[in-house]
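S.K.: Model the structure of this input:
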Amino acid sequence: MFSKLMQIVKWSIIILVIMSVGYGGTFFFEKASFLTISYKEKDELIKTIWTIQATVVTFGIALLALIVGSNREKRYGINVLEFYFVKIRPIFNRYEVIILLISLVFLNYFFVAFNYLFGTLFIFFISICCVIDILFKILTLVRMDEKGLRNIENFILQRCVEYIQKEENK
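M.R.: Alright, predicted model coming up:
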């Protein structure tokens, strides 16, 4: 029950921060004198950025599903896919990143509808960073070099040490 509440709080804070930064930055960006773009061009630019964001997010999710979805490889008894996308992710696991990416496309609609260029660019930047992170994790998973094996070994050793310390403290 507590973890569900923490998930709701985490997602609420993330959405609130993203919307606040995008909304607040828009007013700063609008007052800047260096922006020499007409209203019609700005409107077209915002819609183009939103379209590119939706395309990149869809591409990232599809690539993740195609390359990683069929991977059932195990190293040292640990599913490599689960290790890279669930166990060692400090903030978001694979499913949460997908939900975040899809929700960012819908959140960006708010900025597109009100014609806020900074908010659109901010959410686009976050989406691109998430997709790049996914692509790096996919490459790491596909390559599985010595560093990847050491990461799995260290993870197993760390869990063993934690379990032994927990048993000793009983």
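
S.K.: what's the burial count for the residue nearest to residue 131 when sequence neighbours are not counted?
M.R.: Excluding the flanking residues, the one nearest residue 131 by Cβ to Cβ, 6 or more residues apart in numbering is residue 60, at 3.7 Å. For every residue, glycine as well, the C-beta is placed using N, CA and C. Counted with other Cβ atoms under 10 Å, the neighbours of residue 60 add up to 22.

S.K.: what do you get for residue 153?
M.R.: With other Cβ under 10 Å as criterion, residue 153 counts 13.

S.K.: cool, and residue 67?
M.R.: 14.

S.K.: Help me confirm that it is found in a strand?
M.R.: No. Checked against DSSP: H, G, I helix; E, B strand; the rest coil, residue 67 lies outside a strand; its state is helix.

S.K.: thought residue 104 was touching residue 129?
M.R.: No. With contact defined as Cβ atoms under 8 Å, residue 104 does not count as touching residue 129 (10.5 Å).

S.K.: Measure how buried residue 131 is and give me the count.
M.R.: 21.

S.K.: Past the host helix or strand of it, which element shows up next along the chain?
M.R.: Element membership for residue 131, per DSSP states H and E: helix 117-143. Using DSSP H and E, the helix or strand that follows helix 117-143 in sequence is helix 146-168.

S.K.: What average pLDDT does that next one get?
M.R.: For helix 146-168, mean pLDDT is 80.

S.K.: still on that earlier bit, who are the neighbours of the helix holding residue 131, in terms of helices and strands?
M.R.: Applying 3 or more Cβ pairs under 8 Å, 6 or more residues apart in numbering; DSSP states H and E, one finds that helix 117-143 contacts helix 2-31, helix 39-63, helix 94-113.

S.K.: For the chain, which residues score under the pLDDT cut-off?
M.R.: Scanning the chain for pLDDT under 70 picks out 1-2, 4, 32-35, 68-72, 74, 78, 80-94, 144-145.

S.K.: gap between the residue lying closest to residue 22 once chain neighbours are set aside and residue 126?
M.R.: Take residue 22 and drop its neighbours on the chain: the residue closest to it by Cβ to Cβ, 6+ apart is residue 119, 3.2 Å away. Applying Cβ to Cβ, to the nearest Å, the value for residue 119 to residue 126 is 11 Å.

S.K.: and the residue lying closest to residue 25 once chain neighbours are set aside, how far is that from residue 17?
M.R.: Closest residue to residue 25 apart from its sequence neighbours, by Cβ to Cβ, 6+ apart: residue 118 at 4.3 Å. As judged by Cβ to Cβ, residue 118 and residue 17 stand 15 Å apart.

S.K.: Am I right that residue 45 is in contact with residue 115?
M.R.: No. Contact between residue 45 and residue 115 fails when scored by Cβ under 8 Å: they sit 10.0 Å apart.
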